[in-house]
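Participant: Pasting the sequence and the predicted coordinates here, then a few questions.
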Amino acid sequence: MSDEWNLLAWTVFAVILPVLITLWCSVQRSKRKMVIKDILRKSKKHGWRYRDLFSKPTCCCVCSQHILQGAFCHCCGVCVDEACLRKADTSLACKEVMSAAQRDGSLPHHWVRGNVPLCAYCAVCKQQCGSQPKLCDFRCIWCQSTVHDDCKPSLSDSGKCDLGEFRNLIIPPHYLHSINQRSRGPSDDYGTLASMCGPNWTPVIVLANTRSGNNMGEELLGEFKSLLNPVQVFDLSELPPIKALQLCTVLPAGSVRVLVCGGDGTVGWVLDAVDEMKIKGQEQYVPHVTILPLGTGNDLSNSLGWGAGYAGEIPVEQVLRNIMEAEAVKLDRWKVQVTNKGYSFRKTKVLTMNNYFSVGPDALMALNFHAHREKTPSLFSSRILNKAVYFFYGTKDCLVQECKDLDKFIELELDGERVELPNLEGIIVLNIGYWGGGCRLWEGMGDETYPPSRLDDGLLEVVGVFGSFHCAQIQVKLANPVRIGQAHTVRLILKSGKMPMQVDGEPWAQGPCTITITHKTRALMLYPTGEQTDDEEDDSSSASEPELRDQED
């Protein structure tokens, strides 16, 4: 009997002991993480991020020991062990967003020792840096130059930093120091100060939506802060674009470029903020806007030549090179007024359109998708899953046909002239070349002649679709839309019933109303050299197909 009790006791002990150890380790880990989070949150010098596992061999910048996990600063690149975090926060300097220049007006190098990038080469001897398995060699966090420990005293520039490859995009800390030292004056004062930054200085402001593209915006924020001045990189979840764009007012007029990291909705938000600057009398400071597309859709980015989506396929350095070489183009923006019929206490809804307006099956799919995403946002973190949900709702509408006989409920006017509609289920009003996540709707399959479309011609293209199945056929180039025409002003009158509508992917259900679309303004955009915008593609097509010469740009 005693043997049985002994066996039972040892069994209980063998089961309970690992559980107790696991619970104790979990509590200690939680306490450690709370301490680390508290340090990271309270730090005012560094932009610390915690890593459970570094992606490459890393040494602590304080104790020089090899570490697998710890914290790193996304501004200056300092890496530290957990035990050295407090010491590093007080003893190691981070990038200074604003500091005085040296007596000769130059900026000194800011060296950080160790953990240099892979395949980095010494600025003196041109040999590879960081090849030894220890904390060695230096990197300047402004110009990104690397140098061996032994070669550092032999630097030919005598400690002067030229800000490196991206000097024309970086706002130097001594420029901001000079601005801060003098009282607010006329813009030509800033032009005088800008002369110290070179004749080709076109500073960039980065606005990132950290909620776009599987939270990729957060990683991009860190990478841009490491290459630029952290003061010119903003998280739109913490600061609205209208406040971030006030930085333009202390920079030379007309020289600023804004990089928007996000989807078409984020771009529209920034362009609305640019319009607010014009209303405030800051039109001379209006920047040129470019896009790094995140998430799904991104038809505006596609039309401007920046692609349908960014997933890290090119390094951030190449993104900045593309911005430096980009050229200017104008984009029409439109005002959409929705006036309810009858005695309604609702005010007239006024929206701004950059891409397209639609009523019918594609708006219904967007409305269903939006409602589903609001209920369970965690399920919509994958681009493939998002498209699958769209496919489901499109297939459902093919069977139900909720928008059939649209022509009986809606009247369409182009430039004041009523247009007789065929038996349609949807009407789409286009401002740009791409629609529906990459489909060139106005051109269709290219087997019919059609008038040209441009981003800045002050014209809208109006097409019709027969249903969700017709939309799917258009997407895979098996059918053409019904080209209704082009106009400077479009008016739609919904006589009765309730129809799904959308403006730039923002859907709603609308009762009887009058919708008027008129030209609002033009935005200054950028497109990459070597890429073709819609306008240039039309030009190349007309050169290669003489029979369509007078139909294409």
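Facilitator: Arrived safely, thanks for sending.

Participant: Every contact and neighbour count from this point should use C-alpha atoms.
Facilitator: Fine.

Participant: any chance you could map the strands in the stretch 151-300 of the chain?
Facilitator: 160-161, 204-208, 233-235, 257-262, 288-293 (DSSP state E, counting those that start in this stretch).

Participant: Residues contacting the third one, please?
Facilitator: I take that to be strand 233-235. Strand 233-235 is contacted by residues Ile205, Val206, Leu207, Ala208, Asn209, Thr210, Leu221, Phe224, Lys225, Ala244 when judged by CA atoms under 8 Å, 6 or more residues apart in numbering.

Participant: ditto for the second one
Facilitator: With contact meaning CA under 8 Å, 6+ apart, strand 204-208 is reached by 169-171, 217-218, 220-221, 224, 232-236, 241, 244, 256-262.

Participant: before we move on, what about the shortest one?
Facilitator: Taking contacts as CA under 8 Å, 6+ apart, the residues outside strand 160-161 that touch it are Ser106, Leu107, Pro108, His109, Trp142, Cys143.

Participant: Same list (those residues) but as TSV, adding distance to Lys335 and secondary structure.
Facilitator: Formatted as TSV, those follow (distance: CA to CA, whole Å; DSSP: H, G, I helix; E, B strand; the rest coil):
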residue	distance to Lys335	secondary structure
Ser106	48	coil
Leu107	47	strand
Pro108	50	strand
His109	50	coil
Trp142	43	coil
Cys143	44	coil
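
Participant: May I have the secondary structure class of Pro452?
Facilitator: Following DSSP: H, G, I helix; E, B strand; the rest coil, we place Pro452 in the coil state.

Participant: Tell me which strands the helix or strand hosting Ile493 pairs with, and in which orientation.
Facilitator: Ile493 is part of strand 490-494, with elements assigned from DSSP states H and E. Partner strands for strand 490-494, per DSSP bridges, with pairing direction: strand 410-414 (antiparallel), strand 513-527 (antiparallel).

Participant: ok, then the element right after the first one?
Facilitator: What that stands for is strand 410-414. Next in line after strand 410-414, if elements are assigned by DSSP H and E, sits strand 417-419.

Participant: Dump the strands of the stretch 151-300 of the chain to a markdown table, plus mean pLDDT, distance to Asp362 and mean neighbour count.
Facilitator: Below are the strands of the stretch 151-300 of the chain laid out as a markdown table (pLDDT from 0 to 100; distance: least, CA to CA, whole Å; neighbours: other CA atoms under 10 Å):
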| stretch | mean pLDDT | distance to Asp362 | mean neighbour count |
| --- | --- | --- | --- |
| strand 160-161 | 87 | 54 | 18 |
| strand 204-208 | 95 | 28 | 28 |
| strand 233-235 | 94 | 32 | 21 |
| strand 257-262 | 94 | 22 | 26 |
| strand 288-293 | 94 | 22 | 25 |
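
Participant: would TSV of these with distance to Trp269 be doable?
Facilitator: What follows is those, written out as TSV (distance: least, CA to CA, whole Å):
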stretch	distance to Trp269
strand 160-161	36
strand 204-208	11
strand 233-235	13
strand 257-262	10
strand 288-293	12
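
Participant: Looking at the strand holding Ile493 now, give me its mean pLDDT.
Facilitator: In this model, strand 490-494 has a mean pLDDT of 94.
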